[in-house]
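K.L.:
only geometry, no sequence info:
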């Protein structure tokens, strides 16, 4: 049987290894971006000027430096909650109220959530009001920031507390096979959220207006007809009230699918470019990427619940991570806190498949729209979002879910040639 001391050593070794890899990758990426800062890649020299290229480089390097500082902060907080006794102290406070098991767990998680939110505020405020402001992206006012935070707390409580109550009931009532029923409950809840998000949750934070009549809508409708895609509507989201970054996405599933464009995207792209971007997003749907990602999430959550089912009665799991009391609600939170340390090195595997899906979606877009318009749209989005054109290849392979700009455009140009 593994002893608590060994678990602690494994945890610390895994944490140190993770942080060393993070620091090494950040260092590589920062140096690679700075090395290429004063030269626009040849393929983009006609579309992106040196000033915009340098802005993107400076923006990326600033975010890397900021992330490095706050990463140390996050590690300190993790150690505070675990080996530092934070979870124990929180349990002592909540235990004074003498609540029954499920209300006790809800109070415990609620306090943890509020404390974590407060501890995360410095990074959120600095990112929004310093970095994004410095580079001209921030449109969020302090009022919007505070209102969003309050809404986030209320929505999180309305969604999270009933789910947590259900999980705690399975833990208390269904014996050693609780983990299977808990997993089934979580998956069911996620599907309900997929249905509810576009109708009830997203409108709490943003305004969604039907896409106006005109050339953009005509292009979009024609594309949907060509590809046999049906949706519950085409909407424009007022993203510009918070940021100047642009994007487009699908939401919902089944007959409840919606297509959403950021208003910033509609303003910056031509109708044919919007069509090409949507064709790419349709490619994800038509090539079953969304279903594959859902299946992957279901499988990984099954594995996670199974492992938690094995650990929840193991004293070494608690004691090795700094927790003195063996209680199920603490196990649930502790597992959530530390699992990322042990699974960190799986990150590049997941992102490898995500990049593969991006190439496949681009292929679909090239078949149903004009590849050159997707290229020009991407270049505009790289420019408007100040996305670096020169990330370090190793860093990109590890972290990025999308291929680097140069590789993606090369691929699209190849598709463009073969389609003629």
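P.N.:
Done, it's in. Treat the numbers as computed from the prediction; the structure is a model and nothing was measured. Numbering: from 1, shown residues only.

K.L.:
what ranges do the helices span in the stretch 101-250 of the chain?
P.N.:
Assigned by DSSP state H, counting those that start in this stretch, the stretch 101-250 of the chain shows helices spanning 101-126, 132-134, 142-173, 178-196, 202-205, 215-227.

K.L.:
can you lay out those helices as CSV showing distance to residue 402 and mean pLDDT?
P.N.:
In this view, the C-beta of every residue, glycine as well, is placed from N, C-alpha and C. Putting the helices of the stretch 101-250 of the chain into CSV (distance: least, CB to CB, whole Å; pLDDT from 0 to 100) gives the following:
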stretch, distance to residue 402, mean pLDDT
helix 101-126, 24, 96
helix 132-134, 20, 94
helix 142-173, 26, 94
helix 178-196, 23, 92
helix 202-205, 23, 89
helix 215-227, 21, 90
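
K.L.:
and this structure, what are its domains?
P.N.:
If you go by automatic domain parsing, the domain ranges for the chain are 4-138+291-349, 206-268.

K.L.:
got TSV for the helices of the stretch 101-250 of the chain, with distance to residue 319 and mean neighbour count too?
P.N.:
Formatted as TSV, the helices of the stretch 101-250 of the chain follow (distance: least, CB to CB, whole Å; neighbours: other CB atoms under 10 Å):
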stretch	distance to residue 319	mean neighbour count
helix 101-126	19	16
helix 132-134	43	15
helix 142-173	20	15
helix 178-196	21	16
helix 202-205	41	14
helix 215-227	56	16
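
K.L.:
which one of the ones you listed lies closest to residue 37?
P.N.:
Closest to residue 37 of the helices of the stretch 101-250 of the chain is helix 132-134 (CB to CB; 17.0 Å).

K.L.:
contacting residues around that closest one?
P.N.:
Contact with helix 132-134 is made by 62, 138, 140, 243, as judged by CB atoms under 8 Å, 6 or more residues apart in numbering.

K.L.:
how far does it sit from its chain's centre?
P.N.:
21 Å (CA atoms, centre = their mean, to the nearest Å).

K.L.:
over to stretch 104-119?
P.N.:
Put simply, stretch 104-119 sits 21 Å off its chain's centre (CA atoms, centre = their mean).

K.L.:
pLDDT score for residue 419?
P.N.:
Turning to residue 419, the model gives it a pLDDT of 62.

K.L.:
hmm, I typed the wrong one, I wanted residue 252.
P.N.:
Listed pLDDT for residue 252 reads 69.

K.L.:
show me where the stretch 201-350 of the chain has strands.
P.N.:
208-210, 234-237, 248-251, 258-262 (DSSP state E, counting those that start in this stretch).

K.L.:
can you check which of those gets nearest to residue 369?
P.N.:
strand 248-251 (13.2 Å).

K.L.:
in that closest one, what counts as buried?
P.N.:
Of the residues in strand 248-251, 248, 250-251 count as buried by neighbour count, 16 or more other CB atoms under 10 Å.

K.L.:
reformat the residues you listed as a markdown table; add distance to residue 110.
P.N.:
A markdown table is the format used below for the buried residues of strand 248-251 (distance: CB to CB, whole Å):
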| residue | distance to residue 110 |
| --- | --- |
| 248 | 35 |
| 250 | 32 |
| 251 | 28 |
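
K.L.:
now the helices of the stretch 101-250 of the chain as TSV including distance to residue 355?
P.N.:
Shown next, in TSV, are the helices of the stretch 101-250 of the chain (distance: least, CB to CB, whole Å):
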stretch	distance to residue 355
helix 101-126	27
helix 132-134	26
helix 142-173	30
helix 178-196	24
helix 202-205	27
helix 215-227	23
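
K.L.:
and of those, who's closest to residue 353?
P.N.:
Across the helices of the stretch 101-250 of the chain, residue 353 has its closest neighbour in helix 178-196 (19.8 Å, CB to CB).

K.L.:
now for that closest one, which elements pack on it?
P.N.:
Packing partners of helix 178-196 (3 or more CB pairs under 8 Å, 6 or more residues apart in numbering; DSSP states H and E): helix 142-173, helix 289-311.

K.L.:
of all those helices, which lies closest to residue 26?
P.N.:
helix 289-311 (25.8 Å).

K.L.:
other SSEs contacting the helix or strand bottoming out on mean pLDDT in the chain?
P.N.:
In the chain, the helix or strand scored least confidently by mean pLDDT, DSSP states H and E is strand 248-251, which has a mean of 78. Counting contacts by 3+ CB pairs under 8 Å, 6+ apart, strand 248-251 packs against strand 258-262, helix 271-286.

K.L.:
10 Å instead?
P.N.:
In terms of contacts (3 or more CB pairs under 10 Å, 6 or more residues apart in numbering; DSSP states H and E), strand 248-251 is packed against strand 234-237, strand 258-262, helix 271-286.
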